[in-house]
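*Asks:* When you get a sec, could you give me coordinates for this:
(2 chains)
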Amino acid sequence: MNVVIIKYNAGNIRSVLYALERLGIQATVSDDPVLIRAADRVIFPGVGEATSAMNYLRERGLDKVITSLTQPVLGICLGLQLMCAHSEEGNIDCLGIFPQQVKLFPPQEKVPQIGWNDIFNLKTPLFKEIKENSYVYFVHSYYAEMGENTIATANYINDYSAALWKDNFYAMQYHPEKSGDIGARMLKNFIDL
Amino acid sequence: MLTKRIIPCLDVKDGQTVKGINFLNIQSVGDAVELGALYAKMGADELVFLDITATNEKRKTLSELVTRIAKHINIPFTVGGGISSVEDVSVLLNCGADKISVNTAAVKNPQLIKELASQFGSQCVVLAVDTKYENGEWFVYLNGGRVPTTIKTKDWVKQAVELGAGEILLTSMNHDGTKDGFALDITREISESVNVPVIASGGAGKMEHFTDVFTKGKADAALAASIFHYKEIDIADLKRYLKNEGIEVRI
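*Replies:* Predicted coordinates for the structure are as follows:
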């Protein structure tokens, strides 16, 4: 299994790499379109700010590479947000794989949401053997709205998309690489798709 | 629903876990990675590793330790202790740390918080504050609680959040090591005055203390060390107890 993690200016790639290592997978970290296109699985992680990340992807043509991929792709955290249509963070158009808008949580509760929250209405084999209302680890100030692509829901102030799916594209707002054994199982499910 | 977090703190020196009573009399209690992995298995929600000797001694081993932790542990962890520059943080995050905590260096140079938040995001910038109640006011202490200042804790926390701190780790020196319970008043005051999560630290001795700090103290997370290290409270038991008390926890 040839897994490539997309290298760009939004960090936290190391944790994903180690999580895959724990599953016995040696992933490659690369921003080379040839290597990314040739991969069996592509992971698009990210922690950081949407506008600078989008600008970085566009400058290197990685935006077009990502949207043209046909193998299973998994966006994580900022990766999910960048795969949506538009983000309020810096008011920027994103990759548009999912039609969702990405919005800032209103200030009724503490922002960012940091910690373990449960996910429900789980769909697709990504959640094979994952129980409803399992807890996963979130760190984010912006969220993707609900929509027909939503395959897992979470609630913080309002319901939002904890995970999204369209064709070969999957994305998780939470960090499976930091969500204990449940997160590890979800990563394995993605690899096994 | 977002849960309250239980966070064991592992004070480390040369890769070993240590815990002092009132920041003194350090005793070694085990390997940091091994202990961290055990806590993760028992249900800890996060881990904090504080390199407590970093302010006084060089620490060549910290990045190696962080790498080892990141390879073996599948829950989030924060690294702190003597972090004073963007370069320090960059190294630790690249080794796999999820968050870093700053304390003394941020008081001496508040712009550090702004630089870290803009470069790495507020979500990974934890402001650690050691505070002591004296003459009717809570003051900030530096260098692991050894150096007093005239800075009021609530003013400093507010300023730090404006600069970009994403979380507050508040340790009451009056309570730390006493096992008489957390500092409920200052924790509540800080938690209500800022819109970022507050981790209460110092004073945990019984399970009831955790209930109190989440309800009366309005803390988002509670941190403890010795009661976990010496197995006085089992994390799994604690979380079952809190759930029975009606507090949302991850089990």
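*Asks:* can you list contacts of the biggest strand by length in chain A?
*Replies:* For chain A, the longest strand by residue count, based on DSSP state E, is strand A:158-166. Residues outside strand A:158-166 that contact it (CB atoms under 8 Å, 6 or more residues apart in numbering or on different chains) are A:75, A:80, A:83-84, A:97-98, A:100, A:119, A:123-124, A:126-127, A:136, A:138, A:143-147, A:149-154, A:170-174. In this view, the C-beta of every residue, glycine as well, is placed from N, C-alpha and C.
*Asks:* Buried members of the residues you listed into ChimeraX, please.
*Replies:* Selection of the buried residues among the contacts of strand A:158-166 in ChimeraX, burial being defined by 16 or more other CB atoms under 10 Å in any protein chain shown:
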select /A:75,80,83,84,97,98,100,119,126,127,136,138,143,144,145,149,150,151,152,153,154,170,171,172,173,174
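*Asks:* out of the contacts of strand A:158-166, which touch chain B?
*Replies:* Of the residues in the contacts of strand A:158-166, proximity to chain B by CB under 8 Å from any CB of the partner chain holds for A:Phe138.
*Asks:* Sort out for me which of the contacts of strand A:158-166 are in helices.
*Replies:* Assignment to helices by DSSP state H places the following of the contacts of strand A:158-166 there: A:Leu80.
*Asks:* how about the worst-scoring helix or strand of chain A on mean pLDDT, does it get close to chain B?
*Replies:* Taking mean pLDDT, DSSP states H and E as the measure, the helix or strand of chain A with the lowest value is helix A:50-59, at a mean of 90. No: using CB under 8 Å from any CB, helix A:50-59 stays clear of chain B, with a minimum separation of 9.9 Å.
*Asks:* Give the other helices and strands that that helix contacts.
*Replies:* Contact here means 3 or more CB pairs under 8 Å, 6 or more residues apart in numbering or on different chains; DSSP states H and E; on that basis helix A:50-59 packs against helix A:62-67, helix A:78-82, strand A:86-87, strand A:92-93.
*Asks:* mean confidence score for the longest strand of chain A?
*Replies:* Along strand A:158-166, the predicted local confidence has a mean pLDDT of 98.
*Asks:* Same check on stretch B:191-206?
*Replies:* Predicted confidence along stretch B:191-206 averages 96 (mean pLDDT).
*Asks:* That stretch and chain A in contact?
*Replies:* Yes: for stretch B:191-206, a contact with chain A is found by CB under 8 Å from any CB, at B:195-197.
*Asks:* Now tell me which helix or strand of chain B has the poorest mean pLDDT.
*Replies:* Each helix and strand of chain B was given a mean pLDDT (mean pLDDT, DSSP H and E); the minimum falls on strand B:24-31 at a mean of 56.
*Asks:* which residues are contacting the helix or strand just after that strand?
*Replies:* Toward the C-terminal end, the helix or strand that comes next after strand B:24-31 (DSSP states H and E) is helix B:32-42. Identification of contacts with helix B:32-42 by CB under 8 Å, 6+ apart yields A:180, B:8, B:10, B:12, B:15-17, B:29, B:47, B:49, B:65, B:68-69, B:72-75, B:77, B:228-229, B:234-236.
*Asks:* Can you tell me which residue is spatially central in chain B?
*Replies:* Within chain B, the residue whose C-alpha comes closest to the C-alpha centroid is B:Leu169; the distance, by CA atoms, centre = their mean, is 4.8 Å.
*Asks:* Pull the number of nearby residues for the residue nearest to B:Ala183 when sequence neighbours are not counted.
*Replies:* Leaving out its chain neighbours, the residue that sits closest to B:Ala183 by CB to CB, 6 or more residues apart in numbering or on different chains is B:Ser172, at 3.5 Å. When neighbours are counted by other CB atoms under 10 Å in any protein chain shown, B:Ser172 registers 25.
*Asks:* Repeat that for A:Pro33.
*Replies:* Counted with other CB under 10 Å, the neighbours of A:Pro33 add up to 15.
*Asks:* got it, and A:Arg22?
*Replies:* Burial of A:Arg22 is recorded as 15 neighbouring residues (other CB under 10 Å).
*Asks:* Same question for the one 3 residues further on.
*Replies:* The tally of other residues near A:Ile25 (other CB under 10 Å) stands at 16.
*Asks:* One more: the one 5 residues further on?
*Replies:* Residues near A:Ser30, counting by other CB under 10 Å, number 16.
*Asks:* any idea how far it is from chain B?
*Replies:* With distances defined as CB to the nearest CB, to the nearest Å, the gap from A:Ser30 to chain B amounts to 17 Å.
*Asks:* Enumerate the beta-bridge partners assigned to that residue.
*Replies:* Each beta-bridge partner of A:Ser30 is listed here: A:Ile6, as defined by DSSP bridges.
*Asks:* which residues touch the residue nearest the centre of chain A?
*Replies:* Centroid check for chain A by CA atoms, centre = their mean gives A:Ile76 as the closest residue, at 2.1 Å. A:Ile76 is in contact with A:16, A:43-46, A:171-172, A:175-177, counting by CB under 8 Å, 6+ apart.
*Asks:* Having no further points to raise, I will conclude here.
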